[in-house]
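> 3D model of this:
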Amino acid sequence: MLRYSEFMLKSKLLAGFGEVVYGVSEVADGNMSVNWGDTVTVDCNRRKFLGKLGIKQEDCVIASLELGTRIVEVGSSQKDKYVEGDALVMKEEGVGLFMLTADCHATVVYDPVKKILVLVHLGRQGLDRELPEKVIKEMESLGSWAGNVIAAAGPGISRESYVWEGDLPFAHPGWTEFVERGTDGKWRIDMAGFLRRQFFEAGVREKNIEISSVDVYSDSRFYSHVRSVKTGEAEGRFATVVMIRKSLG
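Okay, the predicted model is just below:
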C-alpha cells in the first residue's frame, strides 16, 4: 500500500536528495494556523500532517512571519517554538522548519554540500527587499557556494491570478519586467518570475531553481488569502515543512 506522503506535492529538485524530508499540506489536511482556527483543532491538524511525513511537531521550529527580511539561524534549542523572521536557517539534522502561507511562496533553499537548509517566505514584500539575495549571502557567510545551492519554491499565486488595482506597492525597479497592465486597467503581478530572477542573479544556477506550477488561487486544494477575500470562503493557511533527516550511525 502506498503511504499518504507518496501522494503529496513533490519537488523534483528536493527529491534528488534522500536526506531531505519535504511536505506541503493541503486543505484536506485542515487549516494549520491558529489565527484562523481554534488551538486544539489546529494542533491536531498539524500533528496528523507531520505524522504522515514521520516528523513530530515537537521537532519543528515554527516561523512567525514578519513580512520583512529578518534571517534567523535556528537549531535544536528552538524546537517546538515560534521564531520571528521570514527566513529560518538550519545546519542540524533532525530539526524541521515549519512555515505557513496562503499566496506567497514558501521556498526551500538547500546546499547539499555544506548541509545548510533554509526555509524562506517570499511574497511581494520580501521580493521588493531582495530577500533571495540576502538569503544566499547569509548562506555564503556560513561557507556555501551559490553554484551548489538549490532553490525550490512551493505553491503560490500565479501572475494570472494576482490582480492589483491602483498604484503598484513596489519600490524595487526590477518589478518593471514582472508586472503587466491588462486591458481592464488592472495589474498582473508575476511573483514567481521575479523570484526566479533574483535567485539567478544571486548566483544560483538556472537548473537549480524550481518553482511549483500550482496556482493556489485557482487550485482549491490549497488555501488562498486572495481567493478568500474575493469569494468570502473561510480563511486558512497551509503548511510547508522541511528537514534534513538524521543519518544512521
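> in this structure, which spans are helices?
Taking DSSP state H as the test, the helices found in the chain are 12-15, 39-51, 124-128, 131-141, 191-201, 225-231.
> among those helices, which is nearest residue 170?
Closest of those to residue 170 is helix 124-128, at 5.3 Å (criterion: CB to CB). (Glycine included, C-beta is placed from N, CA and C.)
> helices or strands next to that closest one in the packing?
The contact analysis (3 or more CB pairs under 8 Å, 6 or more residues apart in numbering; DSSP states H and E) places helix 124-128 against helix 191-201.
> Would you mind putting the helices of the chain into TSV with distance to residue 25 alongside?
Listed next are the helices of the chain as TSV, based on distance: least, CB to CB, whole Å:
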stretch	distance to residue 25
helix 12-15	16
helix 39-51	5
helix 124-128	21
helix 131-141	23
helix 191-201	20
helix 225-231	16
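> Dump those to JSON lines, plus mean pLDDT and mean neighbour count.
Shown next, in JSON lines, are these (pLDDT from 0 to 100; neighbours: other CB atoms under 10 Å):
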{"stretch": "helix 12-15", "mean pLDDT": "94", "mean neighbour count": "14"}
{"stretch": "helix 39-51", "mean pLDDT": "98", "mean neighbour count": "16"}
{"stretch": "helix 124-128", "mean pLDDT": "97", "mean neighbour count": "21"}
{"stretch": "helix 131-141", "mean pLDDT": "98", "mean neighbour count": "20"}
{"stretch": "helix 191-201", "mean pLDDT": "98", "mean neighbour count": "21"}
{"stretch": "helix 225-231", "mean pLDDT": "96", "mean neighbour count": "15"}
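> Nearest to residue 105, out of those helices?
Evaluated with CB to CB, these place helix 191-201 nearest to residue 105, the distance being 6.2 Å.
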